[in-house]
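Colleague: Give me the fold of what follows.
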Amino acid sequence: MNIFTAPRVGGRWAAAGLGLLLPIAFAPFNWFWLAPLSLGGLFLLWVGQDAREAALRSFCFGFSAFAFGTYWLFISLKLLGGAPLPVVLVMMAGLVLSMALYLAGCAWLSNRIAPTEGAVRWLLVVPAAWTLVEWLRSWLFSGFPWLSIGYSQIDTPLAAWAPVAGIYAVSWITVVLAGLIPWAIYGSRVTRAAAAAILAVVLILSALLRTVAWTAPGSEELKVAMIQGAIPQVLKWLPSQRLPTLRTYAGMSLDLEAQDLIIWPEAAIPAVPEQVRPFLDAMTEQMVELDTQLLTGILSYDVEHDQYRNTLLALGDPPGDYYKRHLVPFGEYFPVPGFVREWMRLVNLPYETTTAGPADQRPLMVKNVAIAPSICYEVAFGAEQLVFLPGAGLLVNVSNDAWFGDSIAPHQHLQMARMRALEAGRHMLRATNTGITALIAPDGNVQATIPQFEPGVLTGVVRPHTGTTPYVRTGNWPIAAATLLILVLVAGIGRRRRR
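Modeller: Sure, this is the predicted structure:
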């Protein structure tokens, strides 16, 4: 019996098995071809099924994909965060179930709008619905864009669509290629020839797009250095570790030859500014004397309003700061009622909330070059960097991926940072505590890295870029509008025909 026409239970197990393949398409495995193949297999499992069964099979696919693809949450919450096991399991289950529900909704919607097999379903409705769902889960309820299909294609010709219309354009085209699989298998010889022609056209157009230079390097060169202190997370916030940490970062930075920009990771300074004011003043004086700008992560505290902020602090001339805008739910803030927060305090669970920075912050500056900053999780949201573009010539991301341990998450995180560089057509300078610190070119390629869990300094010379990619001009709205328009038009035409 063919698994694609298997009974309902068998079809659901087959969907779950295909879901386990999906994360392997992403870093660090990078078997990019598994993304369209696993999705194509899922779509085959929809054939001959009603909307409810297609949704259930997609739910099984999504559950296994996100359970495997985000297993590192256990490391963050339990092994390093110290949360009780029941709480960890509930939080992880909640995330995986909600992500699976998105995929179930995609299947149900596709089946209801286009119940008939054929090109309209596989090449129009399903790719549009999948892309719209990916876009929705990137911002709805704070958003979780992890495992968006387009990231798996960063090293393929399809990545050339990122500067045109962003990550979701890459996802859309990848799902179109996945839709060719059921269309060709259940189609005629002519259909299979058409599928091959569409595949060829997509690849050719993608290759041509890769030759387009949307932005251009300026004449000014900047010497940059990213510092990876490799401070273990279990030691990072111990009071006894504060002075050794400050000496580590200061020593690694001041031993360098003249640099224009030095970047320390997220919360590299394990204190609030008031606790280390002499150190900050001394480093500022050193940076001004050396004509260097230092960017460092630190947790700032507003005494008047009793608010903590995850901050990127600029020491040098000019001084500046950037406050993280997109916070991690249940990590940096807790969207729960007051009585739940009180219970969390009583049972010694983390409950302190970090305050998000304002949306209209100014870019940081170095040598008259504007910098588009992001902190950790923010690099997963492409549209959020657009507020600084096209004025900014460089992208900077600081992170503390020590929370992920030795898992797949730091590699997935770097993959997202690469996509941001490609979308903007600018260098991405990425400094992390334990890795992966990287210098990323405007085409998304990694030019150099520091090995994980090893202290080191990554230096390079970059030219701030000018110009604007189409994506910087428009953001995600054209893709969101186009996918919604396709679904509305096909649904409307279908309803008129039935009448």
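
Colleague: Centroid-nearest residue for the protein?
Modeller: Geometric centre of the chain, nearest residue: residue 380, 2.5 Å, by C-alpha atoms, centre = their mean.

Colleague: Do I have it right that that residue meets residue 146?
Modeller: Yes: using C-beta atoms under 8 Å, residue 380 is in contact with residue 146, at 6.9 Å. Quick note: C-beta positions are derived from backbone N, CA and C, even for glycine.

Colleague: what bits of this structure have low per-residue confidence?
Modeller: The chain contains residues with pLDDT under 70 at 1-7, 330-331, 333-352.

Colleague: any idea how it splits into domains?
Modeller: When the chain is parsed with automatic domain parsing, its domains come out as 3-213+477-498, 217-468.

Colleague: Mind jotting down where the strands sit in the stretch 101-250 of the chain?
Modeller: Taking DSSP state E, counting those that start in this stretch as the criterion, the stretch 101-250 of the chain carries its strands at 215-217, 222-228.

Colleague: Each with direction, which strands does the first one pair with?
Modeller: As defined by DSSP bridges, the strand partners of strand 215-217 come to strand 465-467 (antiparallel).

Colleague: Tell me which residues are up against the strand it pairs with.
Modeller: Contact with strand 465-467 is made by 214-218, 390, 393-394, 425-427, 442, as judged by C-beta atoms under 8 Å, 6 or more residues apart in numbering.

Colleague: For these, pick the one with the most neighbours.
Modeller: In terms of neighbour count, residue 426 stands highest of the contacts of strand 465-467 at 31 neighbours, by other C-beta atoms under 10 Å.

Colleague: Quickly note the distance from that residue to residue 44.
Modeller: Separation of residue 426 from residue 44 (C-beta to C-beta, to the nearest Å): 40 Å.

Colleague: Same check on residue 146?
Modeller: When distance is defined by C-beta to C-beta, residue 146 is 25 Å away from residue 44.

Colleague: what's the answer for residue 278, then?
Modeller: According to C-beta to C-beta, residue 278 and residue 44 sit 65 Å apart.

Colleague: Show me which of these two is the more surrounded one.
Modeller: residue 44 (22 against 8).

Colleague: Helix, strand or coil: sort out that one for me.
Modeller: Assigned with DSSP: H, G, I helix; E, B strand; the rest coil, residue 44 falls in the helix class.

Colleague: quick one: buried residues of the top helix by length along the chain?
Modeller: The residue-count maximum for a helix in the chain (DSSP state H) belongs to helix 85-113. Under the neighbour-count criterion of 16 or more other C-beta atoms under 10 Å, helix 85-113 has 87-88, 91-92, 95-96, 99-113 buried.

Colleague: now the strands for the stretch 351-499 of the chain?
Modeller: So, for the stretch 351-499 of the chain - with DSSP E, counting those that start in this stretch - the strands run 364-366, 369-375, 394-399, 428-432, 438-440, 446-449, 456-462, 465-467.

Colleague: need these in TSV with distance to residue 405, can you?
Modeller: Listed next are those as TSV, based on distance: least, C-beta to C-beta, whole Å:
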stretch	distance to residue 405
strand 364-366	30
strand 369-375	20
strand 394-399	14
strand 428-432	13
strand 438-440	19
strand 446-449	18
strand 456-462	19
strand 465-467	34
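
Colleague: So which of the ones you listed is nearest residue 142?
Modeller: Closest to residue 142 of these is strand 369-375 (C-beta to C-beta; 15.4 Å).

Colleague: What pairs with that closest one, parallel or antiparallel?
Modeller: Note on strand 369-375: by DSSP bridges, its sheet partners are strand 364-366 (antiparallel), strand 394-399 (parallel).

Colleague: how close does residue 238 get to residue 244?
Modeller: For residue 238, the distance to residue 244 - C-beta to C-beta - is 10 Å.

Colleague: now do residue 302
Modeller: Note on residue 302: its distance to residue 244, by C-beta to C-beta, is 28 Å.
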